[in-house]
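Novice: the following comprises the amino acid sequence and a computationally predicted model.
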Amino acid sequence: MSKSQVNISSLLNNQDITPNAINYHVGENHLSAASNDMLVVIDSAVDDYSLLVSGVRQGAHVVVLEKNHNGVAQISAALEAYGAIESLHIVCHGSPGCLYLGNSQLSLKTLTHYADQIASWSKRLSGNELLLYGCRVAAGDAGEEFVDKIHRLTQATVAASANPVGEARQGGTWQLASFFGGIKNAQAFLPETQQIYAGIFTEVLSKSVDEYDESLLIHCLP
């Protein structure tokens, strides 16, 4: 499958808000009218992300987050560029109540800072579906509160897991639980992709973070 990739830097600098300005990979056979239905955002920090890029369902746009940029801002820019979509799929490392996105973390502690951006996503989610593939994002009190706040900001049906997500041999699953309604759209990845992928999207042990997340180097805390 052939792929295309262009730099997201100009988009983040507000120089060009078009799909062609986004760092993305998409198979040529995916370029169809149906491609507006699903936007899959994959953090480049996850293991073997290129396999995931090539293994999305037909009709999906795929955006790869640059590790040295704010991931929330990259997602907002991608949504602005692509317009209305049925479902947004975010694939990244996670922990209870936290998503690791680029050089930033979206957590209970940072949601207040990002509230306006997250709320703006609802304008682009015509299908009102948001699927979060990070490990254990919905686990425990922190996970439940995080999912609830994401729902309140976006008004979307949210799907997430209280368990590891990914390869079964590492304790992972690809099944996400839906909150505040049912998920109508398919998951982002083809069944064969789920079978051969050899990683899980667990919390990271160390990574650089932006100025809003200085205290969150190992785990996201409420």
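Specialist: Looks like it came in fine. Given the structure is predicted, the values throughout are model-derived calculations rather than measurements.
Novice: may I have stretch 168-177 as PDB, with CA atoms only?
Specialist: Output of stretch 168-177 as PDB, limited to C-alpha atoms (Å, rounded to 0.1, in the frame of the first residue of the first chain):
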ATOM      1  CA  ALA A 168      -3.700 -10.600  23.700                       C
ATOM      2  CA  ARG A 169      -0.400 -12.300  24.700                       C
ATOM      3  CA  GLN A 170       0.500  -9.100  26.700                       C
ATOM      4  CA  GLY A 171      -2.900  -9.000  28.300                       C
ATOM      5  CA  GLY A 172      -4.400  -6.700  25.700                       C
ATOM      6  CA  THR A 173      -7.800  -6.600  24.100                       C
ATOM      7  CA  TRP A 174      -9.200  -4.600  21.200                       C
ATOM      8  CA  GLN A 175     -12.600  -4.400  22.700                       C
ATOM      9  CA  LEU A 176     -13.600  -1.000  24.000                       C
ATOM     10  CA  ALA A 177     -16.500  -0.200  26.300                       C
END
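Novice: give the buried residues for it.
Specialist: 172, 174, 176 (16 or more other CB atoms under 10 Å). In short, each C-beta sits where N, CA and C put it, glycine included.
Novice: buried stuff in the helix of greatest length in the chain?
Specialist: Counting residues, the longest helix found in the chain (DSSP state H) is helix 140-154. Buried positions in helix 140-154, judged by neighbour count with 16+ other CB under 10 Å: 142-147, 149-151, 153-154.
Novice: and those as a markdown table, adding distance to residue 54 and pLDDT?
Specialist: What follows is those, written out as a markdown table (distance: CB to CB, whole Å; pLDDT from 0 to 100):
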| residue | distance to residue 54 | pLDDT |
| --- | --- | --- |
| 142 | 33 | 97 |
| 143 | 30 | 97 |
| 144 | 34 | 96 |
| 145 | 35 | 97 |
| 146 | 30 | 98 |
| 147 | 29 | 97 |
| 149 | 33 | 97 |
| 150 | 28 | 97 |
| 151 | 31 | 96 |
| 153 | 32 | 96 |
| 154 | 28 | 95 |
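Novice: and residue 128, its phi and psi?
Specialist: Main-chain torsions, residue 128, degrees, to the nearest 10: phi 60, psi 40.
Novice: and if you look at residue 112?
Specialist: phi -60, psi -40.
Novice: neighbours of it, how many?
Specialist: Using other CB atoms under 10 Å, residue 112 has 10 neighbouring residues.
Novice: tell me how far it lies from residue 93.
Specialist: Here the criterion is CB to CB, to the nearest Å. By it, residue 112 lies 22 Å from residue 93.
Novice: same deal with residue 64?
Specialist: For residue 64, the distance to residue 93 (CB to CB) stands at 14 Å.
Novice: which residue sits closest to residue 75, ignoring its sequence neighbours?
Specialist: residue 41 (5.5 Å; CB to CB, 6 or more residues apart in numbering).
Novice: helices of the protein, start to end?
Specialist: Using DSSP H, helices in the chain cover 9-12, 49-54, 71-82, 111-120, 140-154, 191-196.
Novice: residue ranges in the protein under the pLDDT threshold?
Specialist: Residues of the chain meeting the criterion pLDDT under 70: 1-36, 204-222.
Novice: what's the local residue count around residue 106?
Specialist: Applying other CB under 10 Å, we find 31 residues neighbouring residue 106.
Novice: alright, that wraps it up for me.
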